[in-house]
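Peer 1: My questions are about this predicted structure, shown below with the sequence.
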Amino acid sequence: MNDSQCAPRMIDLRLAPAAAATWGATWWATGHRAPWESIGACALLALACAASYSCSRRGRRAPRHALTPPGSIRLSLALILACVACALAVGSVARRQYDADPARADSGPIHARVRLQTDPAPPSSGFSATRHAHARIEAVAAGEEWIPSHATALVNAPGWDSGARGDIYEVWGSLDATFAADAPSVGTIRVRRSRLIERPGGPSAWMRSTHQAFARACSSLPRDARALVPGMAIGDDRGMPADLAQAMKTTSLTHLTAVSGSHIVIILATVTLVVPARKTLRLTATILVLGTILTLVGPEASVLRSVCVAAVAALGLILGRDGQSIAALCAVVIATLLIDPWAARSYGFALSVLAALAVVGPSSALIRRSRRRIRGDTRAGRVLRRVVEMVCVPALAELATAPLIVSLSGTVPVWGIIANVVAEPAVPIATIAGITGALLTPLSIPVASACARVSSWATAWIAGTARLCANLPGNGVAVPGGASTVVGIYACCCCGWLAWRAWVRWGAPRIDGSETSAQE
């Protein structure tokens, strides 16, 4: 059976309204403190919808092959209201904790214990000895007493060359509550003196030693590769040159230096090619690979989302069940927002989710449609299919994230799609060679250096593409009106498409078979 004769693909969108409602409720609650009466009302309405469905189902049997089971609207409403109630509750609690946090104060001296959430990064200019890192404040000193805290801060401190994610420091310095003070952050701590209290062991120690050893293995590489190879392999882009960072930002290539869904797909595809086609072996290998990546890169929001979505999709394929990527993405979004409600206000999380939705949604649909319409038994057809696959993913991801990018920078990366298409062939080589070198670093530095060298050949192509496209004329065009203009254009295009589909279905003139035969 060819692709044109296959049954239509069913896309599960039942969790999409619940995910959107959870996001909206969490965003609102983290800024306005939802009253407990509203939370209780949502919970009671959810219980009422579930009870109504349960009562109406007594003594009835739904059709076994019903496309839409009876009562699905009530169940969907119950799920949405339950998610809204939970989102309002966790968001309001997070906001109350932030408002009452002892670290949230006016600018002035501060004495606190902080846990580093990122590895300390060197300054953009080489004239300063301080390093900066995002940290969670665990406690604030009030005289002789330590008061627990849950806030975060940007910490600038001298002499943290050996610092790493997970380290706990006692710091003395000054708090600037006006810089980088968006919730849940309380601002920037400029450290005068610090003392290392605790350095975690176990997996964190392995991650720290692997990062440091891989940095040594990449020390002999060219300037750009010393940052791009660790960035594409383990997400460590602290040594990125300022000009290259700006070029990659201008051309929308910054996602390549963060371990995202595309990196996970490349790694899992390699695992599928290497591991024998047995469900138990592939399932075990997939779990081990995803766990290793999560430990090596760190539990960042984008990494967790990518790993969870990839795990659900891969598990469904391995077990012989066609995984619903959109449903998996919605489930991960709901779980992430309920665990960390501040993610609802994170631009990085929003960009990551929108790009992933574009890839697993319209991009996959267009690729499947091209496979049905374009013949694959000719060389020209195979080449055209590959071109469509290469263009669809970056183009639709760029279009999906355009409103947020415009709201952040005020400009549109005109050459971003072309830069992503040109750089795409080098991404698998750089990713696989880099991650292999990072994993082999504890065993053999020379072998890791050889893998890093192979990865540097691919990253040189990526860096050259970023600089070339960034210098093309017309890049960074300012958009009048900002993000609202882009959203308005999308709304007009969507309305036009819906009107065209409605005309094709109900308004277009139809030619009956009898009329056709009479004309003949």
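Peer 2: Thanks, I have the structure now.
Peer 1: is it true that T250 touches V412?
Peer 2: No: contact criterion CB atoms under 8 Å: T250 and V412 do not qualify, at 10.6 Å. C-betas here are computed from N, CA, C, even on glycine.
Peer 1: What segments of this protein are strands?
Peer 2: 108-116, 130-142, 145-148, 152-158, 168-176, 185-198, 411-412, 477-478 (DSSP state E).
Peer 1: could those go into JSON lines alongside mean pLDDT?
Peer 2: What follows is those, written out as JSON lines (pLDDT from 0 to 100):
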{"stretch": "strand 108-116", "mean pLDDT": "90"}
{"stretch": "strand 130-142", "mean pLDDT": "88"}
{"stretch": "strand 145-148", "mean pLDDT": "90"}
{"stretch": "strand 152-158", "mean pLDDT": "89"}
{"stretch": "strand 168-176", "mean pLDDT": "90"}
{"stretch": "strand 185-198", "mean pLDDT": "89"}
{"stretch": "strand 411-412", "mean pLDDT": "75"}
{"stretch": "strand 477-478", "mean pLDDT": "71"}
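Peer 1: Out of the ones you listed, which gets nearest to T441?
Peer 2: Closest approach to T441 among these (CB to CB): strand 108-116, 21.5 Å.
Peer 1: just the angle between the closest one and strand 152-158, please?
Peer 2: 100 degrees (axes from the mean of the first three to the mean of the last three CA atoms, to 10 degrees).
Peer 1: returning to that earlier point: which one of the strands of the chain lies nearest to G298?
Peer 2: Between G298 and the strands of the chain, the shortest gap by CB to CB is with strand 108-116, which sits at 10.7 Å.
Peer 1: Comparing T250 and V412, which residue is more hemmed in?
Peer 2: Neighbours around T250 and V412, counted as other CB atoms under 10 Å, are more numerous at T250. The numbers are 24 against 19.
Peer 1: Contact partners for the closest residue to the more buried one other than its chain neighbours?
Peer 2: Among residues not flanking T250 along the chain, A470 sits closest, at 4.4 Å (CB to CB, 6 or more residues apart in numbering). Neighbour list for A470: Q246, A247, T250, T251, W415 [criterion: CB atoms under 8 Å, 6 or more residues apart in numbering].
Peer 1: Can you add distance to C55 and give the strands of the chain back as a markdown table?
Peer 2: Output for the strands of the chain, formatted as a markdown table (distance: least, CB to CB, whole Å):
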| stretch | distance to C55 |
| --- | --- |
| strand 108-116 | 50 |
| strand 130-142 | 47 |
| strand 145-148 | 47 |
| strand 152-158 | 47 |
| strand 168-176 | 54 |
| strand 185-198 | 48 |
| strand 411-412 | 54 |
| strand 477-478 | 58 |
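Peer 1: Return the distance of the longest helix seen in the chain from the chain's centre.
Peer 2: As assigned by DSSP state H, the longest helix anywhere in the chain is helix 379-409. When distances are taken as CA atoms, centre = their mean, to the nearest Å, helix 379-409 is centred 17 Å away from the chain's centroid.
Peer 1: Against which helices or strands is it packed?
Peer 2: Judged by 3 or more CB pairs under 8 Å, 6 or more residues apart in numbering; DSSP states H and E, helix 379-409 is in contact with helix 347-358, helix 364-373, strand 411-412, helix 416-423, helix 483-502.
Peer 1: how does it look with 6 Å?
Peer 2: Applying 3 or more CB pairs under 6 Å, 6 or more residues apart in numbering; DSSP states H and E, we find helix 379-409 packed against helix 347-358, helix 364-373, helix 416-423, helix 483-502.
Peer 1: among those, which is the most enclosed?
Peer 2: helix 416-423 (a mean of 22; mean count of other CB atoms under 10 Å).
Peer 1: got the angle between that helix and helix 379-409?
Peer 2: Using the same axes, to 10 degrees, helix 416-423 lies at 130 degrees relative to helix 379-409.
Peer 1: And S455, how far from V229?
Peer 2: 5 Å (CB to CB, to the nearest Å).
Peer 1: can you list residues touching both of the two?
Peer 2: Counting by CB atoms under 6 Å, 6 or more residues apart in numbering, the common neighbours of S455 and V229 are G434.
Peer 1: just to revisit the earlier point, and the contacts of A470, which two are the farthest apart?
Peer 2: The span of the contacts of A470, defined through CB to CB, is set by Q246 and W415 at 14.0 Å.
Peer 1: More neighbours: those two, which one.
Peer 2: Taking neighbours as other CB under 10 Å, Q246 and W415 compare with W415 leading, 23 against 14.
Peer 1: out of the strands of the chain, which comes closest to I462?
Peer 2: Closest among the strands of the chain, using CB to CB: strand 411-412, at 21.3 Å.
Peer 1: which neighbours does that closest one have in its sheet, and in what orientation?
Peer 2: strand 477-478 (antiparallel) (DSSP bridges).
Peer 1: neighbouring contacts of the strand it pairs with?
Peer 2: When contacts are defined by CB under 6 Å, 6+ apart, strand 477-478 is touched by residues G410, T411, V412, V414.
Peer 1: got a winner among those for most neighbours?
Peer 2: The most neighbours of any of the contacts of strand 477-478, using other CB under 10 Å, belong to V412, which has 19 neighbours.
Peer 1: pretty sure R208 contacts S162?
Peer 2: No: contact between R208 and S162 fails when scored by CB atoms under 6 Å: they sit 9.2 Å apart.
Peer 1: what about the two, which has more around it?
Peer 2: Between R208 and S162, R208 has the larger neighbour count (other CB under 10 Å), namely 20 against 11.
Peer 1: burial of the closest residue to that one other than its chain neighbours, as a residue count?
Peer 2: Nearest residue to R208, sequence neighbours excluded (CB to CB, 6+ apart): A164, at 4.2 Å. Neighbours of A164 under the rule other CB under 10 Å: 21.
Peer 1: any idea how far R199 is from A164?
Peer 2: Taking CB to CB, one finds A164 at 8 Å from R199.
Peer 1: surely V191 meets V171?
Peer 2: Yes: at 4.7 Å, V191 counts as touching V171 under the criterion of CB under 6 Å.
Peer 1: where are the low-confidence patches of the stretch 151-300 of the chain?
Peer 2: 261, 277 (pLDDT under 70).
Peer 1: And the helices in it, which stretches?
Peer 2: Assigned by DSSP state H, counting those that start in this stretch, the helices in the stretch 151-300 of the chain fall at 203-217, 225-234, 242-250, 261-274, 279-297.
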